[in-house]
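>>> Mind looking at a prediction? Sequence and model below.
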Amino acid sequence: MKLKKIDIKEINGFRLGNAEDPEAGTGVTVILAEDGAVAGVDVRGGAPATRETDLIRSENTVEKINAVVLSGGSAFGLEAASGVMRALAEKGQGFKVGDITVPIVAGASLFDLQVGRNDVFPDVMMGAEAVHNAYEDSFESGNHGAGTGASVGKMLGMDRAMKTGLGTFACGDELIQVGAISAVNACADIYNGAGNIIAGLRNAGGNDIQGTVKVLKGMIHPESKPDLDLYEIRRMAEEESKSALAESEPESTGNEKDDIARALMASYELEQAQIAMEESRTEPEPEIEPETESIQPAEHNEEPVMTADFETEQDHPEDAYLDDDFAEETCPASDTESEEGEITSFAEEEPEKTEELPLQTEEPVGSFEESPSLYSEVSEANEEEEPEPEEDDEYQLTQEDRDDMGYDIAFNTTISCVITNAIITKAQANKLASILHDAYARAIKPVHTTMDGDTIFVLSTCTQEVNFDAFAALATDVLQYAIIDGAHSAESAYGLPAARDIIRK
């Protein structure tokens, strides 16, 4: 049989329901297993808010549970599970102890207190309402349930974040069924199946996605200076080069970037002349044939002069690695226009420099590394300066951004539940929950930070035999797609744009 996408509500043995307070920006999602379900759980984040996860451990008594509750409200929101318990007890569902019925309800909450209101949380009444809606078949993805106040890209504060929501995905054939529900709420960013960022940390202008990983790479060392310093250095280099051009070639081409390229070359030629003059003063004349005297200064140096000023990726493979890595984390929608054409036009004006120009064309004109005189002064203080960032100034960290790294990071948790009819043991359910974090790693970057409480539940009605490893691979894909849907299905709210507002399809 061939697997096909199905509605998650078609999976037999489960009921799904939402309840939310849109004004407060919080809500509850409940996954009910009327006849009980074998359960597993795995918590990886550094700041979880969970309930009854110890009960699900393989060595503990209870084999099946009755519900999983995903809620907003941080730890306050765990109260909603009590409402789910009461509603299920009224229906006679739960673990039987003589004449007493105790519904087994596990849950996890995410941090959404920075949207809507921070004094309203999912409570007993909202939990009971979610159960009622599950029996009324009232369930939607997007800005509903636990996804009502969900958001991502909060490493620099909520001003740069984006709206996400509750995502779902399911597939099956005539035998096996598997689906996932995910409330997508992370410090970091969401990536699609092609590895492209679709929701996350926005740039300073708020109109494009910058990406959390790109920012963090510049903040590894506590003493790291903001990327803005590099732009100040580049500005100084451009001004210095323009001044050199004004002295040697005062006429402008009318193209600012072409002028900068000509200025850089003029600065380079000036410095080379100074180097040659110094060498002629200090070095004794070699006793060789006259025709070889002209190349003696270059032979005296251990490396050609060009490599000291115009470094290539082959000279510094570690810089090439960073460039490639940074490019991978850049949103495709925010690519800057290439400036190679402008450099080529300069080469046509100065044909005698054609052997030197390819070194300039490897990077945008006006970059820090293309200014030899300034580079020689700064390199002694910082020999391993980071590669030149993108030209778009909106993508650069300000000092205020850098301060926010330590004082305005929200607590977050992407909480999910995979439901299926595959026959698995309690131990296998827990193992599966562990494997499913691969889906988080594919769709969320960086994942499992100290500010996240990432939690995954597994529920199975155990009616269809499966090859466990093959099924685990399928379930991982399903959860990955549910997380992606959490970005695509969300709508802008609480001043936060959603993926559909920024990503052009």
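Looks like it arrived, so ask away.
>>> Now do the buried residues in stretch 57-72.
62, 64, 65, 66, 67, 68, 69, 70, 71, 72 (16 or more other Cβ atoms under 10 Å). (Glycine included, C-beta is placed from N, CA and C.)
>>> residue contacts, the fifth one?
Residues near residue 67 by Cβ atoms under 8 Å, 6 or more residues apart in numbering: 30, 31, 32, 33, 81, 84, 88, 103, 104, 105, 106, 131.
>>> Shouldn't the fourth one be within a strand?
Yes - following the definition DSSP: H, G, I helix; E, B strand; the rest coil, residue 33 is counted among the residues of a strand.
>>> just checking, which of the buried residues of stretch 57-72 belong to strands?
Mapping the buried residues of stretch 57-72 onto strands (DSSP state E) picks out 64, 65, 66, 67, 68, 69, 70, 71.
>>> and the closest residue to the last one other than its chain neighbours, how many neighbours?
Yep, that's residue 71 we're talking about. Spatial nearest neighbour of residue 71, excluding adjacent residues (Cβ to Cβ, 6 or more residues apart in numbering): residue 77 at 3.8 Å. If you count neighbours by other Cβ atoms under 10 Å, residue 77 ends up with 30.
>>> just the strands in the stretch 51-200 of the chain please.
Secondary structure of the stretch 51-200 of the chain (DSSP state E, counting those that start in this stretch): strands located at 64-71, 95-97, 100-102, 105-109, 151-152, 162-163, 166-172, 177-183, 189-191, 197-199.
>>> As CSV, the ones you listed with mean pLDDT and distance to residue 37 would be great.
Below are the strands of the stretch 51-200 of the chain laid out as CSV (pLDDT from 0 to 100; distance: least, Cβ to Cβ, whole Å):
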stretch, mean pLDDT, distance to residue 37
strand 64-71, 97, 6
strand 95-97, 86, 13
strand 100-102, 90, 16
strand 105-109, 96, 11
strand 151-152, 96, 29
strand 162-163, 96, 31
strand 166-172, 97, 16
strand 177-183, 98, 13
strand 189-191, 96, 28
strand 197-199, 95, 31
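>>> How many neighbouring residues does the closest residue to residue 176 other than its chain neighbours have?
Closest residue to residue 176 apart from its sequence neighbours, by Cβ to Cβ, 6+ apart: residue 464 at 5.2 Å. Look at residue 464: counted by other Cβ under 10 Å, it has 19 neighbours.
>>> Can you check the distance spanned by stretch 132-146, start to finish?
From its first residue to its last, stretch 132-146 covers 16 Å (Cα to Cα, to the nearest Å).
>>> all numbers from here: first residue = 860
With 860 as the first residue, the last one maps to stretch 991-1005.
>>> who touches that stretch?
By Cβ under 8 Å, 6+ apart, stretch 991-1005 touches 868, 874-879, 881, 886-889, 891, 929-931, 946, 969, 989, 1006, 1022, 1024-1027, 1042, 1274, 1344-1345, 1348-1350, 1352.
>>> average model confidence for it?
Averaging pLDDT along stretch 991-1005 yields 96.
>>> Enumerate the positions of it that are buried.
Result for stretch 991-1005 [16+ other Cβ under 10 Å]: buried residues 992, 993, 998, 999, 1000, 1001, 1002, 1003, 1004, 1005.
>>> Can you tell me the SS state at the nearest residue in space to the second one that is not next to it in sequence?
Here the nearest residue to residue 993 in space, its sequence neighbours aside, is residue 876; by Cβ to Cβ, 6+ apart that works out to 2.8 Å. Under three-state DSSP, the three-state class of residue 876 is strand.
>>> Quick check: bridge partners of residue 1022?
Beta-bridge partners recorded for residue 1022 (DSSP bridges): residue 1010, residue 1357.
>>> Surely it touches residue 1359?
No - using Cβ atoms under 8 Å, residue 1022 is not in contact with residue 1359; the gap is 9.6 Å.
>>> okay, and the common contacts of those two?
In contact with both residue 1022 and residue 1359: 1349, 1350, 1351, using Cβ under 8 Å, 6+ apart.
>>> which among the residues you listed gets closest to residue 1062?
residue 1351 (16.9 Å; Cβ to Cβ).
>>> mind listing what the residue lying closest to that closest one once chain neighbours are set aside touches?
What sits nearest to residue 1351 in space, not counting adjacent residues and going by Cβ to Cβ, 6+ apart, is residue 1357, at 4.7 Å. The contact partners of residue 1357, by Cβ under 8 Å, 6+ apart, come to 1021, 1022, 1023, 1024, 1058, 1346, 1349, 1350, 1351.
>>> if we go to 6 Å?
1022, 1349, 1350, 1351 (Cβ atoms under 6 Å, 6 or more residues apart in numbering).
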